[in-house]
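Enquirer: can't give you the sequence, but here's the structure:
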């Protein structure tokens, strides 16, 4: 049976590996105003570090993290400049000094704070694996993450309720994921 583990029960994870979902990495490393989540996931991160748990991610999560943060910065830029997306699209934003600055900060974050603490894991996919990733109602990247967690025997740390029926162990503070 797949366990659903509350953040309050992190001490039971000794010897396990924890795979971080994109949303949790954003709460910890690029806080955007979700104060309760930032506090609880930052605390969980510190506890996992103190327990010397292997912290894992993959290239899919890293890609989602970079792309999502740059989109957040685009939204911030629009708001600060009283613009709408149809007036100043993301591709236009990518050529601004603000985006270049955000990209540089993001690169330093990944290089100096994330890659120094996380193990990059992965899964090699074959042609035969791909059709199984197309599950109706499930995000393709979420399916890649599930497969990677299964392959690497990782518990997924996420706040994303889309993983409700995922066949893996999940660590979360999201009541929807923790409900039995």
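Expert: All right, it came through fine. Nothing here was measured: the structure is a model prediction, and the numbers come from that model.
Enquirer: any idea how far the residue most central in space within the chain lies from residue 60?
Expert: With distances taken as Cα atoms, centre = their mean, the residue of the chain nearest its centroid is residue 22 (1.2 Å). Computed as Cβ to Cβ, to the nearest Å, the residue 22 to residue 60 distance reads 9 Å. Where you see a C-beta, it was placed from the backbone N, CA and C, and this is true even at glycine.
Enquirer: excluding chain neighbours, what is closest to the residue nearest to the centre of the chain?
Expert: residue 64 (4.2 Å; Cβ to Cβ, 6 or more residues apart in numbering).
Enquirer: show me where this structure has its strands.
Expert: Ranges of strands in the chain, per DSSP state E, are 4-6, 17-20, 54-57, 118-120, 154-157, 170-172.
Enquirer: quick one: list the elements packing against the second one.
Expert: By that I understand strand 17-20. Packing partners of strand 17-20 (3 or more Cβ pairs under 8 Å, 6 or more residues apart in numbering; DSSP states H and E): strand 54-57, helix 140-152, strand 154-157.
Enquirer: so who does the closest residue to residue 114 other than its chain neighbours touch?
Expert: Excluding its sequence neighbours, the residue lying closest to residue 114 (Cβ to Cβ, 6+ apart) is residue 29, at 6.8 Å. By Cβ atoms under 8 Å, 6 or more residues apart in numbering, the contact list for residue 29 reads 109, 113-114.
Enquirer: also residue 122?
Expert: 58-59, 148, 151-152.
Enquirer: tell me the one of those residues nearest residue 135?
Expert: Nearest to residue 135 among the contacts of residue 122 is residue 148, at 15.2 Å by Cβ to Cβ.
Enquirer: what's the closest non-adjacent residue to the closest one?
Expert: In this structure, residue 148 finds its nearest non-sequential neighbour in residue 123, 4.6 Å apart by Cβ to Cβ, 6+ apart.
Enquirer: neighbours of the one you found, just the number please.
Expert: Using other Cβ atoms under 10 Å, residue 123 has 16 neighbouring residues.
Enquirer: many thanks, we can stop here.
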